[in-house]
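Asks: coordinates only, sequence not included:
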């Protein structure tokens, strides 16, 4: 962990995770991904509960903010039109 990461507030960490999640969903678009697949993709297969919880919180917040949309009852997620448009405007993250 870098010194900057160690000094981040929990709000900063949450915002960073949200950015990571939405970028990954946009990278995978138009493929729908389940919450579990996304958590496993970003947190790995380890039993790191804190990492998994952080990704799950980020997903919930992105849904609340209107950037992710749950599809059906199967746990699939897709970016909203607004998120896709924002991703197109910002371009790829380097």
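Replies: Perfect, I can see it now. Worth saying up front: this structure is predicted, and the values here are computed from it rather than measured.

Asks: Can you say which helix or strand has the residue nearest the centre of the chain in it?
Replies: In the chain, the C-alpha nearest the mean C-alpha coordinate belongs to residue 21, at 1.6 Å (C-alpha atoms, centre = their mean). Residue 21 belongs to helix 10-28 when assigned by DSSP states H and E.

Asks: partners of the helix or strand following that helix, with directions?
Replies: Per DSSP H and E, helix 10-28 leads on to strand 33-34 as the next helix or strand towards the C-terminus. Sheet pairing of strand 33-34 (DSSP bridges) gives strand 76-79 (antiparallel).

Asks: for the record, mean pLDDT for the partner strand?
Replies: Strand 76-79 shows an average pLDDT of 94 in the prediction.

Asks: what sits up against whichever helix or strand comes after that strand?
Replies: Counting by DSSP H and E, the next helix or strand C-terminal to strand 76-79 is helix 81-90. Contact with helix 81-90 is made by 22-23, 25-26, 29, 66-68, 79, as judged by C-beta atoms under 8 Å, 6 or more residues apart in numbering. In this view, the C-beta of every residue, glycine as well, is placed from N, C-alpha and C.

Asks: Same question for stretch 56-72.
Replies: Residues contacting stretch 56-72 (C-beta under 8 Å, 6+ apart): 14, 17-18, 20-22, 25, 32, 35, 38-39, 76-80, 82-83, 86.

Asks: Give me the distance between the two termini of it.
Replies: 18 Å (C-alpha to C-alpha, to the nearest Å).

Asks: Would you pull up how far that stretch lies from the middle of the chain?
Replies: Relative to the chain's own centre, stretch 56-72 is displaced by 8 Å; criterion: C-alpha atoms, centre = their mean, to the nearest Å.

Asks: How about that stretch, which residues are buried there?
Replies: 56, 58-59, 61-62, 67-69 (16 or more other C-beta atoms under 10 Å).

Asks: In helices only, show me those.
Replies: Counting by DSSP state H, these place 56, 58-59, 61-62 in helices.

Asks: how about low-confidence regions in this protein?
Replies: 1-9, 92-94 (pLDDT under 70).
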